[in-house]
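Asks: Got a sequence here, can you build the structure:
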Amino acid sequence: MNSFNFNPVFVEQLKQKNILTATNVQKTVIPIILQGKNIIFQSDTGTGKTLAFLLPLIERHKLMTSENIVLIVSPTHELASQIKNEANYFEGIKSILCFGGVPIKRQIEMLKTKPQVIVGSATRLSELIMLKKIKIQNVSAIVFDEVDRLLSKELREKSLQLLSLVYQNTNIQIIACSATIKNDTEISLNKTFNKKDNISLFEIIKLPSENILTNKIKHIAIYAENCNKADTLRSFLAAVQPKKTLVFTSRPQDAEILASKLRNKKVNCECLHAKADKIKRKSAIDKFRSGKSNLLITSDLAARGLDIANISHIIQMDLPKAEDFFIHRTGRTARCGKEGINVVIGDAFEMENFARLEKKLKIFVNPAELHGGKLVFLK
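Replies: Prediction:
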């Protein structure tokens, strides 16, 4: 990290976090952001994208002493909270969270403390700007984290509205990133400023894949009919006794039902999904992150960007419709150079889809079954 000429105090704080060398994405992206350029960048999950934009923004805009504000937009409350805590680690930096579901008056009061980093949803940040509680002229940069999700059908309008609002300050720096960036991302962002497709405001960086899906993660397929999936999961946990397990379902109600079934069988677990209130969601994440619970059942809410240390196993109780959701789910393990295991427990239809994904993503899937209290591989 010394190669970027960061403030010595800043470098010492990074050492305390055991961050001594930059990852590939950080080596590539940090110099560009330090130059003040607009950038869209893509890098595999677990490669350090958050620090790739956070570190140079803290350094470039001299957040420790100036009145500049950085806005960071996130698709989920959980990811936003994680980014806020990451920023607050650095001495002299104050970061606050501005999401819906919390009285806006409380957030207006927090804004009076003059935070340098504001992390939130596009909807709430737009609302605060239109109320003139966030002054556009003070916004030096805006980051769209998990930009492909922020430009999805359900979030697209609010995200582009926010971008249009803040770009009234023409000196603002715009940064967007994700592990999976769609081909129309650049076009969508440029159209907000009435730019033609061949005139871009952005430098586009797509780092070569580090092949974490193939090189760092072992993929296992276990067949089970829908009515038997909960029992299959319980048998797998008993046979393998994984260190720390994140279990995915596509629908919030399925996560709740699965957690209930496991608890009825005396399996300790936490449950996280979008329909739960924020207090319960925070409690579930905190217990899982701290190790008080080693099993978290979640909907796809948690697939986006969450960085929780030492997740040894990902278990998918169904296959998501979108390939990028599979990548984001699986990417919660094997982070920061470690290895991990991804298990799909699926019916015949899902096994067929998994086989297609195996070919498309060039991964190797190990078929297995549970027999006599053990996990047995079939080939």
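
Asks: Okay, helices next: where are they in the stretch 201-350 of the chain?
Replies: Using DSSP state H, counting those that start in this stretch, the helices found in the stretch 201-350 of the chain span residues 212-215, 229-240, 252-264, 278-290, 323-330, 348-361.

Asks: do the same with the stretch 51-200 of the chain
Replies: Under DSSP H, counting those that start in this stretch, the stretch 51-200 of the chain gives helices at 77-88, 104-111, 122-130, 147-150, 156-166, 185-191.

Asks: Output the longest one as CSV - backbone C-alpha positions only.
Replies: What that stands for is helix 77-88. Taking Å, rounded to 0.1, in the frame of the first residue of the first chain, the C-alpha atoms of helix 77-88 are listed here in CSV:
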residue,chain,number,x,y,z
HIS,A,77,-29.2,-2.5,3.9
GLU,A,78,-26.8,-5.3,4.9
LEU,A,79,-24.2,-4.3,2.3
ALA,A,80,-24.6,-0.6,3.1
SER,A,81,-24.0,-1.3,6.8
GLN,A,82,-20.9,-3.3,6.0
ILE,A,83,-19.5,-0.4,3.9
LYS,A,84,-20.3,2.1,6.6
ASN,A,85,-18.4,0.1,9.2
GLU,A,86,-15.5,-0.3,6.8
ALA,A,87,-15.2,3.5,6.4
ASN,A,88,-15.7,4.2,10.1
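
Asks: So which elements touch that helix?
Replies: helix 49-60, strand 95-98, strand 117-120, helix 278-290 (3 or more Cβ pairs under 8 Å, 6 or more residues apart in numbering; DSSP states H and E). Heads up, the C-betas are built off the backbone N, CA and C, glycines and all.

Asks: Out of those, which is the most enclosed?
Replies: Most buried of the helices and strands packed on helix 77-88, by mean neighbour count (mean count of other Cβ atoms under 10 Å): strand 117-120, with a mean of 28.

Asks: strands paired with it, and their directions?
Replies: Strand 117-120 has the following strand partners under DSSP bridges: strand 69-73 (parallel), strand 95-98 (parallel).

Asks: what's the spacing between it and its chain's center?
Replies: In terms of Cα atoms, centre = their mean, to the nearest Å, the centre of strand 117-120 is found 15 Å from the chain centre.

Asks: Dump it to PDB, keeping only the CA atoms.
Replies: Taking only C-alpha atoms (Å, rounded to 0.1, in the frame of the first residue of the first chain), the coordinates of strand 117-120 have been written out as PDB:
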ATOM      1  CA  VAL A 117     -19.300   9.300   3.900                       C
ATOM      2  CA  ILE A 118     -23.000   8.700   3.500                       C
ATOM      3  CA  VAL A 119     -24.000   5.200   2.600                       C
ATOM      4  CA  GLY A 120     -27.600   4.400   1.600                       C
END
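
Asks: I would like the residues contacting it, please.
Replies: Here strand 117-120 makes contact (Cβ atoms under 8 Å, 6 or more residues apart in numbering) with 63, 69-74, 80-81, 83-84, 87, 93-99, 111, 125, 134.

Asks: And the pLDDT at the residue most central in space within the chain?
Replies: Taking Cα atoms, centre = their mean, the centroid of the chain lies closest to Gly305, which sits 1.0 Å from it. pLDDT for Gly305: 77.

Asks: Quick check: chain neighbours aside, which residue is closest to it?
Replies: Using Cβ to Cβ, 6 or more residues apart in numbering and skipping residues adjacent in sequence, the residue nearest Gly305 is Leu79, 4.3 Å away.

Asks: need the contact list for the one you found.
Replies: Contacts of Leu79 by Cβ under 8 Å, 6+ apart are Asp145, Glu146, Arg304, Gly305, Leu306.

Asks: The first one - how many residues pack around it?
Replies: When you say that, I think you mean Asp145. 26 (other Cβ atoms under 10 Å).

Asks: The second one now?
Replies: For Glu146, the neighbour count with other Cβ under 10 Å is 25.

Asks: Lys182 versus that one, what's the distance?
Replies: Look at Glu146 and Lys182: by Cβ to Cβ, to the nearest Å, they are 12 Å apart.
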